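A.B. asks: build me a model:
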Amino acid sequence: MTDIFNTDTLKVSVLASGSSGNVTYIETPEQKVLVDAGLSGKKITELMASIGRSLTDVDALFVTHEHVDHIKGVGILARKYGMPVYANNDTWQAMGTKIGKVALEQQMAFEPGKVMTLGDLDIESFAVSHDAINPQFYQFHYAGKSFAIVTDTGYLSDRLHGTLANADGYLIETNHDIKMLEMGSYAWSLKQRILGDKGHLSNEDGALAAIDLLGQRTKQIYLGHLSKENNQKVLAHLTVEQMMQARDIGVNHDFKLYDTDPEQASPLRAI
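C.D. replies: Residues are numbered from 1 along each chain as shown. Here you go, the predicted model:
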């Protein structure tokens, strides 16, 4: 259910998710933030407008890692809107000239395993296993509600389970169907990278991660970062749904399972 009129809640829209670009929008009564900007500034502007929001109101941008599908628009947004950009020091160095010049006063250091507060929003950073210099993702907390983004990781560690279990909402990676990847046109070295511990979660791995993390509080799970070449939205959804049903988990009863899209924003929903 779309709930853009309730002002006293944590809201989320996955503006874009996939191998071609990733952007997520988080909102509380006092704060509006983005996680990653992996598309052009023009496209992100259009996606924000589609949910009734504007980049002029965004208070901060959080970057997860330096891969282009997460940083393509970072420099553009920073320069045009003057928003502070948060990333760890290694990621700042790795982004380098890829994003162009960002004013020093906008370059905010936020290391893995830390918690910071912006107004009424608490943001928790955590490291993941991916082939970037120092990748980290984020869990957002407001008024007893939490939303965690868990993509671009080869596996989910026991440490992460302790950090992220029983959130109210998740964006979980279901990057590829293993058979599609194995039979596809990618070079064997790239297939090994994707399947490895520093690669991406498959549909099955994403399902197991979701099953491992969800709890009584969990009401929304978004399936994200799907590969255009090695997955299909209906296949990812069906795989996760069937694996949950096989374990008598109340998918679509106790909580909702939502798809994401690389071109179209999900509705702005209250968590």
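A.B. asks: for residue 27, give me its contacts.
C.D. replies: Listed by CB atoms under 8 Å, 6 or more residues apart in numbering, the contact set of residue 27 reads 10, 11, 12, 33, 53, 268. Heads up, the C-betas are built off the backbone N, CA and C, glycines and all.
A.B. asks: repeat that for residue 41.
C.D. replies: Residues counted as contacts of residue 41 (CB under 8 Å, 6+ apart) are 73, 76, 77, 80.
A.B. asks: so which of those residues wins on neighbours?
C.D. replies: Of all the contacts of residue 41, the highest neighbour tally under other CB atoms under 10 Å goes to residue 73, namely 25 neighbours.
A.B. asks: pick the one among the contacts of residue 41 closest to residue 119.
C.D. replies: Comparing the contacts of residue 41 against residue 119 with CB to CB picks out residue 77 as the nearest, at 19.7 Å.
A.B. asks: so the closest one versus residue 145, what's the distance?
C.D. replies: According to CB to CB, to the nearest Å, residue 77 stands 26 Å off from residue 145.
A.B. asks: now residue 63
C.D. replies: For residue 63, the distance to residue 145 equals 23 Å [CB to CB].
A.B. asks: of those two, who's got more company?
C.D. replies: Higher neighbour count among residue 63 and residue 145: residue 63, with 26 against 18, using other CB under 10 Å.
A.B. asks: now the residue lying closest to the more buried one once chain neighbours are set aside, which residues is it bridged with?
C.D. replies: The shortest distance from residue 63 to any residue that is not its chain neighbour, by CB to CB, 6 or more residues apart in numbering, is 3.9 Å, and that residue is residue 87. With DSSP bridges applied, residue 87 shows beta-bridge pairing to residue 109.
A.B. asks: I figured residue 87 hits residue 95, correct?
C.D. replies: Yes. Residue 87 is in contact with residue 95 according to CB atoms under 8 Å; the separation is 7.1 Å.
A.B. asks: name the residues that touch stretch 56-63?
C.D. replies: So stretch 56-63 is in contact with 31-37, 70-71, 74, 77-78, 81, 83-87, 91, 95, 108, 110, 118-119, 123, 138, going by CB under 8 Å, 6+ apart.
A.B. asks: so what's the nearest residue to residue 22 once chain neighbours are set aside up against?
C.D. replies: In space, residue 22 comes closest to residue 38 once its chain neighbours are excluded; the distance is 4.3 Å by CB to CB, 6+ apart. Counting by CB under 8 Å, 6+ apart, residue 38 makes contact with 16, 20, 21, 22, 23, 68, 69, 70, 71, 72, 73.
A.B. asks: correct me, but the first one touches residue 47?
C.D. replies: Yes. Using CB under 8 Å, residue 16 is in contact with residue 47, at 6.2 Å.
A.B. asks: shared neighbours of these two, anything?
C.D. replies: Residues touching both residue 16 and residue 47 (CB under 8 Å, 6+ apart) are 23, 39, 264, 265.
A.B. asks: burial count for the closest residue to residue 178 other than its chain neighbours?
C.D. replies: Closest residue to residue 178 in three dimensions, ignoring its sequence neighbours and counting by CB to CB, 6+ apart: residue 202, at 5.1 Å. Other residues near residue 202 come to 25 when the count uses other CB under 10 Å.
A.B. asks: for residue 202, give its distance to residue 159.
C.D. replies: Remark: distance between residue 202 and residue 159 (CB to CB) = 21 Å.
A.B. asks: what ranges do the helices span in the stretch 101-250 of the chain?
C.D. replies: Under the criterion DSSP state H, counting those that start in this stretch, the stretch 101-250 of the chain carries helices at the ranges 158-164, 178-183, 188-195, 203-213, 233-246.
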